[in-house]
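Novice: Kindly return the folded structure for what I paste below:
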Amino acid sequence: MQRVIFIFSFLLSSAFCFSVTPPLEREVSLSLTNERVSFALNKMAEQTGLVFSYSSNIINDLPPISINIKHKTVREALALLLPNSISYKVKNNYIILKERVIEKNPKKAELNGYVYDKATDKKLANVTIYDKTTLQSVTTNDYGYYSMSIPIKHQSIIINKENYKDTAIILGELQTNSMTFINLSPVDSTKKDSVLWKQKLRELENFTVKVANKFSAYINTMNVKDTLHRNVQVSIFPFIGTNHKLSGSVTNKYSFNIFGGYARGTDALEIGGFFNVDKQNVNGVQLAGFFNLVGDTVKGTQLAGFFNVTGTNMKGFQASGFTNVNLGDLSGVSATGFVNANFGKVKGAQLAGYVNYAKQLEGIQATGFVNCVLRDAKGLQVAGFVNHAKELDGTQIAGFINHAKYLKNGLQVAVVNISDSCKGLPIGFFSFVKNGVHQLEISGDEIFKANIGFRTGVSKFYNIFNVGIDGSSSEPLWSFGYGLGTSFTIKNKLRSDITLMSNHVCKGEFKDAASELYKLYWGAEYKFKKKFSIAAGPVFNLYISDTYSADYLSKYSNIAPYTLYDHTTDNGFNLKGWVGGKVSIRFF
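Specialist: Reported below is the predicted structural model:
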């Protein structure tokens, strides 16, 4: 994760690669005994095609030299041939030699040389060499060469490269020769990711590294393992600020990024006009106009105009205009206008305008559209459309669908509730529990000789869908309806159930006026077999019809077999009440 996020910090930089070998990196081989320096320079010119330009008076007085080198660079050969009193510079294909002005009391030490792999003796590119005090740094070029100047009063320099052991050089121990060669010992960094998404992430990291290796500041970030500290830093862009090219290795107490910035971490406050990127942890407050990107953990408050991303955990309050993404756990509150995605456990609250996602939940999810918990959820899910959890111990409230594979304890409230097993209570228009109630009922009563009903849900609370018919007259009397019920055990195979039904009654063609029959049933059920039972019980009936309808007197005034209560309201609705009964057989 840390490598992937760094690419954001290098979009404003550039690098160029050249196919032609630079003059000082061309190789020469010399085997000379007591020869003049000018003769050696001519041999080097023949082998490399270079032109050495110099005044004869600075070369002729030099003593004869003896040298035996093979496949060394021009730079290395010149370091052996020339004294410290002679310097040189390169211009196109020319190497110009001149006398060096020697300072009597220099304030800075000039260091240059090559960095080698100690195991293979190959030169290493992209090695970071830095002064821990001033944060001045350089990286070796493609040929392993470096050059830097640091204050003489400073005691050491640090050399770092990813997958190599950290090395420190004490300046006082350096010899007075013009080049310093450094050997780094490799370490075993081979790791195999068994999880597919980790393998894919590693591939993305490798691609990112290839792109970012063009930038010395990025190389420093990957190489330097020490955490450097500063109280205050100010930057315009990543690596353009008071922490220079080592900003990715510095943890700041107070960090101010005019456009955007990149740091190892923050310990108090970070403010970015557009973005903030931190490789590791942020402790305190992080504010950005557009986005915050943190490679590890945030403890405190994180606010962004568009999105926040944390690579591990978020502990505190997180808010953005569009999206919050946490790859680890959330302890606190995450609020956003569109999507919250938490790939670990949420202990607190997720609030989103559209979608909340979490691996686990212990707290609250509230959204305008969808809540999703991949594993177990303990607490409350509220959604405008859908709630999902694998295992629920709490409450789901949705505008349309609740789904939980296992409802251990608690409540589901929605138009549709779905689960595999349920020890709680689903309340809605339709509840389906795989291991719950799925009962087909065939029954008869004093009005409808044949009724077919389907019960679904759990024993504590189930839904009933019912149709009935009486074909004894030329125009059959028929009905369809919906109801709710509850059932409880009396003893062994004997149960009791209470249901409340609402049916629309029609005679012949469909009647669009009021013709509603309400039934309150309380009966007993005896289970003869596992999937077969017989039930019977009394029913209190209340029938409401519209006396102003054209066919009231001819079809609907005599629906009731008898009445215990008969009353017509001032607005023309007739109410009839009576007690009847129902006998049924049930399957499943």
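Novice: Pretty sure residue 45 sits in a strand.
Specialist: No: counting by DSSP: H, G, I helix; E, B strand; the rest coil, residue 45 falls outside a strand, being helix.
Novice: That one contacts residue 54, doesn't it?
Specialist: No: shown here, residue 45 and residue 54 do not form a contact pair, counting by Cβ atoms under 8 Å, at 11.7 Å. Quick note: C-beta positions are derived from backbone N, CA and C, even for glycine.
Novice: Please identify which of these two sits among more neighbours.
Specialist: More crowded of residue 45 and residue 54, by other Cβ atoms under 10 Å: residue 54, with 18 against 15.
Novice: Got the phi and psi for the nearest residue to residue 27 once chain neighbours are set aside?
Specialist: Nearest non-adjacent residue to residue 27, counting by Cβ to Cβ, 6 or more residues apart in numbering: residue 71, 5.0 Å away. In terms of degrees, to the nearest 10, the main-chain angles of residue 71 are phi 50, psi 50.
Novice: Pairing partners for residue 52 in the sheet, please.
Specialist: For residue 52, the beta-bridge partners under DSSP bridges are residue 95.
Novice: secondary structure class for residue 482?
Specialist: Recorded secondary structure, residue 482: strand (three-state DSSP).
Novice: can I assume it is in contact with residue 462?
Specialist: No: using Cβ under 8 Å, residue 482 is not in contact with residue 462; the gap is 11.8 Å.
Novice: Which one of these two is surrounded by more residues?
Specialist: Comparing residue 482 with residue 462 by neighbour count (other Cβ under 10 Å), the higher total belongs to residue 462, at 24 against 15.
Novice: what's the helix or strand for the more buried one?
Specialist: Using DSSP states H and E, residue 462 sits in strand 461-470.
Novice: other SSEs contacting that strand?
Specialist: Judged by 3 or more Cβ pairs under 8 Å, 6 or more residues apart in numbering; DSSP states H and E, strand 461-470 is in contact with strand 425-427, strand 430-433, strand 450-458, strand 477-491, strand 494-507.
Novice: Name every strand pairing with that strand and say which way it goes.
Specialist: Take DSSP bridges as the rule and strand 461-470 pairs in its sheet with strand 450-458 (antiparallel), strand 477-491 (antiparallel).
Novice: Tell me where the model's unsure across the protein.
Specialist: In the predicted model of the chain, residues 1-19, 154-155, 171-178, 189-222, 224-225, 227 satisfy pLDDT under 70.
Novice: unless I'm mixing things up, residue 88 is touching residue 96, no?
Specialist: Yes: under the criterion of Cβ under 8 Å, residue 88 makes contact with residue 96 at 6.2 Å.
Novice: Neighbour count: the two, which is higher?
Specialist: Between residue 88 and residue 96, counting by other Cβ under 10 Å, residue 88 is the more crowded of the two (18 against 14).
Novice: Now that one: closest residue in space, sequence neighbours ignored.
Specialist: Nearest residue to residue 88 in three dimensions, chain neighbours excluded: residue 97, at 4.9 Å (Cβ to Cβ, 6+ apart).
Novice: ok, now how distant is that neighbour from residue 184?
Specialist: 32 Å (Cβ to Cβ, to the nearest Å).
Novice: do the same with residue 59
Specialist: Taken as Cβ to Cβ, the span from residue 59 to residue 184 is 36 Å.
Novice: got it, and residue 587?
Specialist: Residue 587 sits 79 Å away from residue 184, taking Cβ to Cβ as the criterion.
Novice: Name the residue in these two with the higher neighbour count.
Specialist: It is residue 184, of residue 587 and residue 184, that has more neighbours when counted by other Cβ under 10 Å, with 20 against 12.
Novice: thought the more buried one was touching residue 164?
Specialist: Yes: counting by Cβ under 8 Å, residue 164 is a contact partner of residue 184 at 4.3 Å.
Novice: Give me the common contacts of those two.
Specialist: The contact sets of residue 184 and residue 164 overlap at 117, 124, 127 (Cβ atoms under 8 Å, 6 or more residues apart in numbering).
Novice: pretty sure the second one is touching residue 143, no?
Specialist: No: with contact taken as Cβ under 8 Å, residue 124 and residue 143 are classed as non-touching, separated by 9.8 Å.
Novice: Compare neighbour counts for the two and give me the winner.
Specialist: Counted by other Cβ under 10 Å, residue 124 and residue 143 do not tie: residue 124 has more neighbours, with 21 against 15.
Novice: looking at the sheet around residue 326, what are its partners?
Specialist: Per DSSP bridges, the residues bridged to residue 326 are residue 310, residue 342.
Novice: Residue 147: how many residues sit nearby?
Specialist: Using other Cβ under 10 Å, residue 147 has 14 neighbouring residues.
Novice: hey, what's it bridged with?
Specialist: Going by DSSP bridges, residue 147 is paired in beta bridges with residue 112.
Novice: Check the spacing between it and residue 112 real quick.
Specialist: For residue 147, the distance to residue 112 - Cβ to Cβ - is 4 Å.
Novice: the helices in the stretch 201-350 of the chain, which residues?
Specialist: 216-223 (DSSP state H, counting those that start in this stretch).
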